[in-house]
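[1] Structure, please.
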Amino acid sequence: MSAGLLWALSALLIVVGVAGTVLPALPGTAFVLGGIVLGAWIDDFTRVPVWVVVLCTVLAVLAWVLDYVAGLMGARRAGASKQALIGAAVGTVVGLFMGIVGVLFMPLVGAAVGEYLARKDERQALQVGVATWLGIMAGLLAKVVLAFMMIGIFIVALVF
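    Below is the predicted model of the structure:
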(Lines give C-alpha, C1' and ligand atoms only; values in the text may rest on other atoms or scores of the structure.)
Protein backbone atom coordinates (compact mmCIF):
# COMPACT_ATOMS: atom_id res chain seq x y z
CA MET A 1 0.00 0.00 0.00
CA SER A 2 1.37 3.42 -0.91
CA ALA A 3 2.34 6.00 1.69
CA GLY A 4 -0.32 8.39 0.38
CA LEU A 5 -3.06 5.83 0.96
CA LEU A 6 -1.73 5.10 4.43
CA TRP A 7 -1.72 8.82 5.30
CA ALA A 8 -5.29 9.09 4.00
CA LEU A 9 -6.29 6.14 6.19
CA SER A 10 -4.53 7.73 9.17
CA ALA A 11 -6.43 10.99 8.63
CA LEU A 12 -9.71 9.12 8.15
CA LEU A 13 -9.24 7.24 11.42
CA ILE A 14 -8.60 10.52 13.22
CA VAL A 15 -11.66 12.21 11.70
CA VAL A 16 -13.89 9.23 12.52
CA GLY A 17 -12.40 9.26 16.01
CA VAL A 18 -13.29 12.91 16.53
CA ALA A 19 -16.85 12.15 15.45
CA GLY A 20 -16.84 9.13 17.76
CA THR A 21 -16.03 11.25 20.79
CA VAL A 22 -19.59 12.59 20.70
CA LEU A 23 -21.49 9.95 18.72
CA PRO A 24 -22.72 6.81 20.43
CA ALA A 25 -21.28 3.38 19.73
CA LEU A 26 -18.02 4.65 18.20
CA PRO A 27 -14.85 4.37 20.29
CA GLY A 28 -13.65 7.87 19.44
CA THR A 29 -10.35 8.09 21.23
CA ALA A 30 -9.43 4.56 20.11
CA PHE A 31 -9.89 5.61 16.48
CA VAL A 32 -7.87 8.80 17.04
CA LEU A 33 -5.12 6.74 18.66
CA GLY A 34 -5.24 4.25 15.78
CA GLY A 35 -4.74 7.07 13.29
CA ILE A 36 -1.85 8.45 15.31
CA VAL A 37 -0.15 5.05 15.60
CA LEU A 38 -0.58 4.48 11.86
CA GLY A 39 0.80 7.95 11.11
CA ALA A 40 3.82 7.33 13.33
CA TRP A 41 4.39 3.89 11.80
CA ILE A 42 4.27 5.14 8.19
CA ASP A 43 7.69 6.77 8.51
CA ASP A 44 9.09 4.30 11.06
CA PHE A 45 8.53 6.62 14.03
CA THR A 46 11.11 9.13 12.78
CA ARG A 47 8.92 12.25 12.75
CA VAL A 48 6.52 10.99 15.41
CA PRO A 49 8.65 9.21 18.00
CA VAL A 50 7.48 6.36 20.22
CA TRP A 51 7.23 8.63 23.27
CA VAL A 52 4.58 10.70 21.45
CA VAL A 53 2.58 7.55 20.75
CA VAL A 54 2.95 6.51 24.41
CA LEU A 55 1.78 9.95 25.58
CA CYS A 56 -1.22 9.79 23.23
CA THR A 57 -2.00 6.29 24.50
CA VAL A 58 -2.00 7.55 28.09
CA LEU A 59 -4.37 10.37 27.09
CA ALA A 60 -6.64 7.89 25.27
CA VAL A 61 -6.81 5.63 28.33
CA LEU A 62 -7.52 8.65 30.53
CA ALA A 63 -10.34 9.70 28.18
CA TRP A 64 -11.81 6.20 28.26
CA VAL A 65 -11.70 6.07 32.07
CA LEU A 66 -13.21 9.54 32.43
CA ASP A 67 -15.97 8.66 30.00
CA TYR A 68 -17.09 5.78 32.20
CA VAL A 69 -16.35 7.23 35.62
CA ALA A 70 -17.68 10.78 35.26
CA GLY A 71 -21.37 9.86 35.30
CA LEU A 72 -20.86 7.62 38.30
CA MET A 73 -19.00 10.38 40.11
CA GLY A 74 -21.84 12.80 39.48
CA ALA A 75 -24.38 10.29 40.76
CA ARG A 76 -22.31 9.41 43.82
CA ARG A 77 -21.82 13.08 44.64
CA ALA A 78 -25.59 13.49 44.76
CA GLY A 79 -25.90 10.50 47.10
CA ALA A 80 -27.30 8.12 44.49
CA SER A 81 -28.58 4.72 45.53
CA LYS A 82 -27.43 1.47 43.96
CA GLN A 83 -30.71 1.39 42.02
CA ALA A 84 -29.95 4.84 40.57
CA LEU A 85 -26.57 3.62 39.32
CA ILE A 86 -28.21 0.56 37.78
CA GLY A 87 -30.89 2.82 36.29
CA ALA A 88 -28.24 5.08 34.75
CA ALA A 89 -26.51 2.04 33.21
CA VAL A 90 -29.82 0.70 31.84
CA GLY A 91 -30.68 4.19 30.56
CA THR A 92 -27.34 4.37 28.79
CA VAL A 93 -27.91 1.04 27.04
CA VAL A 94 -31.48 1.96 26.07
CA GLY A 95 -30.24 5.35 24.89
CA LEU A 96 -27.84 3.70 22.44
CA PHE A 97 -30.87 2.63 20.39
CA MET A 98 -32.36 6.12 20.43
CA GLY A 99 -29.53 8.07 18.81
CA ILE A 100 -27.63 11.01 20.20
CA VAL A 101 -30.58 12.40 22.19
CA GLY A 102 -31.10 9.02 23.84
CA VAL A 103 -27.43 8.68 24.70
CA LEU A 104 -27.38 12.16 26.21
CA PHE A 105 -30.61 12.02 28.20
CA MET A 106 -31.58 8.40 28.93
CA PRO A 107 -28.90 8.02 31.64
CA LEU A 108 -30.57 10.98 33.41
CA VAL A 109 -33.98 9.31 33.10
CA GLY A 110 -32.64 5.92 34.18
CA ALA A 111 -30.86 7.35 37.21
CA ALA A 112 -33.92 9.36 38.24
CA VAL A 113 -36.25 6.37 37.87
CA GLY A 114 -33.86 4.10 39.78
CA GLU A 115 -33.52 6.65 42.57
CA TYR A 116 -37.28 7.15 42.76
CA LEU A 117 -37.86 3.40 42.99
CA ALA A 118 -35.28 3.18 45.78
CA ARG A 119 -36.39 6.13 47.91
CA LYS A 120 -39.78 7.33 46.63
CA ASP A 121 -38.54 10.92 46.80
CA GLU A 122 -39.16 12.92 43.61
CA ARG A 123 -36.78 15.71 44.55
CA GLN A 124 -33.91 13.33 45.34
CA ALA A 125 -34.63 11.39 42.14
CA LEU A 126 -34.44 14.55 40.04
CA GLN A 127 -31.30 15.70 41.84
CA VAL A 128 -29.57 12.35 41.23
CA GLY A 129 -30.70 12.30 37.58
CA VAL A 130 -29.35 15.79 36.93
CA ALA A 131 -26.09 15.09 38.79
CA THR A 132 -25.61 11.93 36.73
CA TRP A 133 -26.28 13.85 33.52
CA LEU A 134 -23.86 16.62 34.51
CA GLY A 135 -21.20 14.01 35.25
CA ILE A 136 -21.75 12.40 31.86
CA MET A 137 -21.53 15.78 30.12
CA ALA A 138 -18.30 16.56 32.00
CA GLY A 139 -16.90 13.20 30.90
CA LEU A 140 -17.92 13.89 27.30
CA LEU A 141 -16.28 17.30 27.37
CA ALA A 142 -13.10 15.84 28.89
CA LYS A 143 -13.05 13.12 26.22
CA VAL A 144 -13.35 15.68 23.42
CA VAL A 145 -10.63 17.88 24.93
CA LEU A 146 -8.29 14.91 25.38
CA ALA A 147 -8.90 13.75 21.80
CA PHE A 148 -7.96 17.19 20.48
CA MET A 149 -4.89 17.24 22.74
CA MET A 150 -3.84 13.92 21.22
CA ILE A 151 -4.30 15.31 17.72
CA GLY A 152 -2.41 18.50 18.58
CA ILE A 153 0.53 16.57 20.02
CA PHE A 154 0.60 14.35 16.93
CA ILE A 155 0.51 17.32 14.54
CA VAL A 156 3.24 19.17 16.41
CA ALA A 157 5.45 16.06 16.36
CA LEU A 158 4.70 15.48 12.68
CA VAL A 159 5.35 19.04 11.51
CA PHE A 160 8.15 20.25 13.77
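
[2] so what's residue 158 up against?
    By CB atoms under 8 Å, 6 or more residues apart in numbering, the contact set of residue 158 is 39, 47, 48. Yep, even glycine has a C-beta here, placed from its N, CA and C like the rest.

[3] List just the nearest of those residues to residue 68.
    Distance to residue 68, by CB to CB, is smallest for residue 39 among these, at 26.9 Å.

[4] Report the distance from the helix or strand where residue 107 lies to the chain centre.
    In this structure, residue 107 sits in helix 99-119 according to DSSP states H and E. Distance of helix 99-119 from the chain centroid (CA atoms, centre = their mean, to the nearest Å) equals 18 Å.

[5] residues of that helix that come out buried?
    102-116, 118-119 (16 or more other CB atoms under 10 Å).

[6] got it, and stretch 85-93?
    85, 86, 87, 88, 89, 90, 91, 92.

[7] Okay, and the third one sits in which element?
    This means residue 87. helix 82-96.

[8] Check the secondary structure at residue 48 for me.
    coil (DSSP: H, G, I helix; E, B strand; the rest coil).

[9] Surely it is in contact with residue 39?
    Yes. Shown here, residue 48 and residue 39 form a contact pair, counting by CB atoms under 8 Å, at 6.1 Å.

[10] what's the overlap in contacts for these two?
    Taking CB under 8 Å, 6+ apart as the criterion, residue 48 and residue 39 both touch 154, 158.

[11] Please work out the angle formed by the directions of the helix or strand hosting residue 130 and helix 82-96.
    Element membership for residue 130 (DSSP H and E) is helix 122-159. Orientation check (axes from the mean of the first three to the mean of the last three CA atoms, to 10 degrees): helix 122-159 against helix 82-96 gives 50 degrees.

[12] hang on, the earlier thing: the helix holding residue 107 packs against which elements?
    helix 82-96, helix 122-159 (3 or more CB pairs under 8 Å, 6 or more residues apart in numbering; DSSP states H and E).

[13] Same list (those helices) but as TSV, adding distance to residue 26 and mean pLDDT.
    Formatted as TSV, these follow (distance: least, CB to CB, whole Å; pLDDT from 0 to 100):
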stretch	distance to residue 26	mean pLDDT
helix 82-96	11	86
helix 122-159	12	91
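
[14] Now distance to residue 67 too, for these, in TSV please.
    Conversion of the helices and strands packed on helix 99-119 to TSV gives the following (distance: least, CB to CB, whole Å):
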stretch	distance to residue 67
helix 82-96	11
helix 122-159	5
